[in-house]
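*Asks:* I would like the atomic coordinates for the input below:
(one chain, ligands or ions: 2)
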Amino acid sequence: MKKRFPAAVLTALLSVLLASSALGQPGKAPAVEVDLQARLKEVESTPRLLEAAHKTGVKVASFCANCHGEGGNSANPDTPNLAGQNTSYLLEQTRQFAEGKRKNLFMEGMIRALSTEEKIGVVLHYAQQEVAYKPPTNAALAAKGQDYYNKICFRCHGDQGRGNDKIARIAGQQPGYLTLTLKRYRDGSALRSDPLMAANTKTMTDVDIAAVVAYVSSMK
Ligand code: HEC
Ligand code: HEC
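*Replies:* Numbering: from 1, shown residues only. Ligands and ions are numbered 1, 2, ... in the order given. Have a look, this model is predicted:
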């Protein structure tokens, strides 16, 4: 497992990486807005581009691994897994960070430093990684969460929690991150908001959230 660094060390590391242009091209913001989703489709359907994207993805992911873990399975319950995550969803989140619509100081800077090809490469790389299975720590709570999940959440995230191309996979996601995220949607946080998720968490109590998290984080 990779050693995790404190945020200050990572910030310093990031500026070194940027200066050496191993990641992105600082100061060279794209002149025209790139349609990331259209470029993703183009790369996916062109074998030569796809091969190059995978190589780029491996290179970029070696830096992300400091927080998101080897193969995208985070070792920190507050940092999301990227393993097995759906490509269009991931790419949309990179857009939200880059535009400051979703807020996290480090991630906003990190994503702005990546080129379009680096974003697409890293997203394709993570989508192919396996999510590590974590059995539930409290089976009774997880069973309650399963009932809740099967009434509400399955409609968009699917019976197995895998979402679809555009909707997040949540199966096996880190429990601390899930709790934080569900409370942000419910409470209308400025850090992250979404109308569909606000509507679907509005009536959740903290106990409902704990139960759903116990279930979802242990889904395969
Ligand atoms: C210093 C630690 C750190 C590093 C390094 C890092 N991330 Fe993150 N990342 C986070 C944290 C923490 C979050 C959760 C932010 C939040 O929602 O509050 C996150 C969230 C994300 C998300 C959203 C995931 C989701 O499920 O919605 C994506 C995508 C992402 N990071 C991509 C990357 C990529 C790509 C890299 C490498 C180029 C990277 N990150 C490097 C800490 C980091
Ligand atoms: C009507 C469709 C819909 C329903 C029902 C729904 N979701 Fe979502 N969910 C979404 C969408 C769309 C997003 C992406 C929002 C964004 O970009 O922030 C999302 C995002 C999430 C995320 C963030 C994933 C990540 O990696 O950061 C979590 C966690 C989540 N949903 C959990 C749930 C749970 C638990 C329920 C049931 C209580 C639920 N959702 C019900 C549509 C839905």
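
*Asks:* element containing the residue lying closest to Ser189 once chain neighbours are set aside?
*Replies:* Leaving aside its sequence neighbours, Ser189 sits nearest to Lys183 (CB to CB, 6 or more residues apart in numbering; 7.6 Å). In this view, the C-beta of every residue, glycine as well, is placed from N, C-alpha and C. Under the criterion of DSSP states H and E, Lys183 resides in helix 175-187.

*Asks:* quick one, what contacts Leu180?
*Replies:* Neighbour list for Leu180: Asp78 [criterion: CB atoms under 8 Å, 6 or more residues apart in numbering].

*Asks:* can you tell me how far it sits from ligand 2?
*Replies:* For Leu180, the distance to ligand 2 equals 9 Å [CB to the nearest ligand atom, to the nearest Å].

*Asks:* What pLDDT is listed against that residue?
*Replies:* If you check Leu180, the pLDDT there is 98.

*Asks:* State the distance from it to Gln173.
*Replies:* Separation of Leu180 from Gln173 (CB to CB, to the nearest Å): 11 Å.

*Asks:* and what of Gln128?
*Replies:* The value you get for Gln128 to Gln173, if CB to CB is used, is 17 Å.

*Asks:* Tell me which of those two has more neighbours.
*Replies:* Applying other CB atoms under 10 Å to Gln128 and Gln173 shows that Gln173 carries more neighbours, namely 25 against 13.

*Asks:* Three-state assignment for that one, please.
*Replies:* coil (DSSP: H, G, I helix; E, B strand; the rest coil).

*Asks:* Tell me who's in contact with it.
*Replies:* So Gln173 contacts 80-81, 216-217 (CB under 8 Å, 6+ apart).

*Asks:* ranges for the helices of this structure?
*Replies:* In the chain, the helices defined using DSSP state H lie at 7-19, 36-44, 47-68, 87-98, 105-112, 116-127, 139-151, 154-157, 175-187, 195-201, 206-216.

*Asks:* I'd like to know which of those helices has the weakest mean confidence.
*Replies:* Looking at those, the weakest mean confidence is helix 7-19, a mean of 59.

*Asks:* Roughly how far does the residue nearest the centre of the chain sit from ligand 1?
*Replies:* Of all residues in the chain, the one closest to the mean position by CA atoms, centre = their mean is Leu82, 4.8 Å from it. Computed as CB to the nearest ligand atom, the Leu82 to ligand 1 distance reads 6 Å.
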